[in-house]
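> The sequence and its predicted three-dimensional model are supplied below.
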Amino acid sequence: MVKIIQIGNPILEKKSKKVRDIKSQINQKIINDLVDTCKKKDKSTVGLAAPQIGKNLRKFTARRLDIEEEYRKKRKEMPKKKKQNIWDVIVNPKIIKLGKKKEIFWEGCLSIEKGKIYGPVERPSFVKIEYLDKEGNKKLLSAVGFFAHLLQHEIDHLDGILFVKHIKNPDNLWKSSKLDKFLKEHGKYPEIVN
């Protein structure tokens with residue numbers, strides 16, 4: 001597991017460089033560091049971008065929430081091998097389609113107070129991306145709902161944008177402990193303050 005850079009570090013505000021040689025030893029090590037860190041923080045993250053570990057490169061790892069959701073809907077247990085490979089590596093992603101409909105989901109980030117600050121972010125509820133996998137194979141991936149938010153959140157990292165930049169009113173930022181208490185007491189997220 002590697003150290004996660006926190007807000008205030010200039011690398012988090014820089015546009016990342018395109019990955020040239022995916023199969024190089026250094027690029028494969030960065031990929032392994034991203035995946036290993038996410039696996040160790042399994043309960044508190046669904047994605048991690050290279051800039052967050054100090055590497056100004058266009059790659060991130062994302063938990064395949066869409067696959068998990070399929071198994072949940074079918075009420076089937078996910079095979080062990082599938083569970084071990086639930087973290088997908090996305091290299092040089094390019095958004096090729098965004099839906100017109102937008103949705104709000106509450107987002108957090110391991111680079112902001114170590115994942116202890118959350119806020120409501122409005123994004124398109126559908127995204128289609130083109131990317132390379134860790135072997136350099138060209139792939140397409142379509143996502144809806146929270147998984148679409150996740151992919152856009154991580155691509156924002158590659159463009160030097162933290163989720164808090166999408167939140168116009170700082171009153172909409174909540175510490176995780178206060179947000180958890182509110183959710184427990186009210187059974188829903190707080191009203192968004194304009």
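Sure, I can see it.
> what comes up buried for the strand ranked longest in the chain?
The longest strand of the chain (DSSP state E) is strand 87-98. Going by neighbour count (16 or more other C-beta atoms under 10 Å), the buried part of strand 87-98 is 87-93, 98. The C-beta positions use only the backbone N, C-alpha and C, and glycine is treated the same way.
> Tell me which residue is most central in the chain.
With distances taken as C-alpha atoms, centre = their mean, residue 47 lies nearest the centre of the chain, 3.6 Å away.
> and it, what are its bridge partners?
residue 62 (DSSP bridges).
> and it, what is it in contact with?
By C-beta atoms under 8 Å, 6 or more residues apart in numbering, residue 47 lies in contact with 38, 60-63, 150, 153-154.
> Next one: it from residue 53, what distance?
Applying C-beta to C-beta, to the nearest Å, the value for residue 47 to residue 53 is 12 Å.
> likewise residue 185?
Residue 185 is 36 Å from residue 53, where distance means C-beta to C-beta.
> higher neighbour count, the two?
Higher neighbour count among residue 185 and residue 53: residue 53, with 20 against 8, using other C-beta atoms under 10 Å.
> That one touches residue 33, doesn't it?
Yes - counting by C-beta atoms under 8 Å, residue 53 does reach residue 33; the two are 6.0 Å apart.
> Please enumerate the shared neighbours of those two.
Applying C-beta under 8 Å, 6+ apart, one finds that residue 53 and residue 33 are jointly contacted by residue 2.
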